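**Student:** Pasting a predicted model and its sequence here:
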Amino acid sequence: MANTPITMSKLRSILRLYCTGTGVRAISAMTITSRNTVKKYIRIYNTLNLSYEELIKKDDAELCELFSAPKEDSPGSLRHQQLEKLLPDICKKLKKRGVTSEQLCKEYIKEYPDGYSMTSFRVAIQRYIRLSHPIMRQQHKAGDKMFIDYTGDKLSLKLSDGITKEVEVFVAILGCSQLTYVEAVESQKKEDLIAACENA
């Protein structure tokens, strides 16, 4: 039967396999679940901003609520209109360091007690981002490109003599494999950048 929800034990198996790096086709075969269903639950999982460890601690009722497709209001409903007006500002706030969708949802529910649940709130944010900021997918050849940058925050290292020293954090990622290299360097000067690139 179409759209029949799966059991929570099967959902746990799908998430466990996905979080250990198993592909959709293999998960589908192992759990005897259609690939579209597996993709649907993985898509929901990726919008939740929860780790696998946090999810498996939840009981079946909580999991069911998190992974059930939220019943959407019609676009003309009052709470739908209220949230739609807030979404541009919410997405701006999410770009700030330390701001989470959970914090913003709590603020939203304080102001609109009859508003959406946490899950529906997050789904609305994801949908807004997807529609307003389309993603360009790039195909990379193996070993062709390496992307480099420094993190925004400096890292504090405690040296053997007890002195704390602030260092820059260099990050390099290979385009095709997403293999990541991280190194603490003295500064963002040219010499340190070249040395870090050679090490990567």
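**Tutor:** Noted; the coordinates are in hand. Numbering: from 1, shown residues only.

**Student:** Got the confidence number for K93?
**Tutor:** pLDDT, K93: 90.

**Student:** what helix or strand does it sit in?
**Tutor:** helix 78-94 (DSSP states H and E).

**Student:** if I've got this straight, Q178 is in a strand?
**Tutor:** No - using DSSP: H, G, I helix; E, B strand; the rest coil, the assignment for Q178 is coil, not a strand.

**Student:** Now do the contacts for it.
**Tutor:** Q178 sits next to no residue when contact means Cβ atoms under 8 Å, 6 or more residues apart in numbering. Every C-beta, even on glycine, is put in place using the N, C-alpha and C of the backbone.

**Student:** D59 versus that one, what's the distance?
**Tutor:** 34 Å (Cβ to Cβ, to the nearest Å).

**Student:** now L87
**Tutor:** For L87, the distance to D59 (Cβ to Cβ) stands at 31 Å.

**Student:** quick one, what contacts G23?
**Tutor:** By Cβ under 8 Å, 6+ apart, the contact set of G23 is empty.

**Student:** Kindly apply the preceding question to N49 instead.
**Tutor:** Listed by Cβ under 8 Å, 6+ apart, the contact set of N49 reads 100-102, 122.

**Student:** run the last query once more with 10 Å
**Tutor:** N49 sits next to 100-102, 118, 122, 125-126 when contact means Cβ atoms under 10 Å, 6 or more residues apart in numbering.

**Student:** go on, I163?
**Tutor:** Applying Cβ under 10 Å, 6+ apart to I163 gives the contacts L157.

**Student:** got it, and the one 4 residues further on?
**Tutor:** Applying Cβ under 10 Å, 6+ apart to V167 gives the contacts 154-157, 183-187, 192.

**Student:** With I32 instead?
**Tutor:** I32 makes contacts with K10, as judged by Cβ under 10 Å, 6+ apart.

**Student:** what's the next secondary structure element after the host helix or strand of N36?
**Tutor:** According to DSSP H and E, N36 maps onto helix 35-47. Once helix 35-47 ends, the next helix or strand along the chain (criterion: DSSP H and E) is helix 52-56.

**Student:** buried ones in that following helix?
**Tutor:** The neighbour-count check on helix 52-56 (16 or more other Cβ atoms under 10 Å) flags L55 as buried.

**Student:** Now find how far off-centre it is within its chain.
**Tutor:** Relative to the centre of its chain, helix 52-56 is centred 14 Å away, using Cα atoms, centre = their mean, to the nearest Å.

**Student:** Show residues contacting the helix or strand that it is followed by.
**Tutor:** Once helix 52-56 ends, the next helix or strand along the chain (criterion: DSSP H and E) is helix 60-67. Contacts of helix 60-67 with the rest of the structure, by Cβ under 10 Å, 6+ apart, involve 5-9, 11-12, 14-15, 40-41, 44-45, 47-48, 50, 55-56, 58, 117-119, 122.

**Student:** Wait, S187 touches K165, no?
**Tutor:** No - judged on Cβ atoms under 10 Å, S187 makes no contact with K165 at a distance of 11.4 Å.
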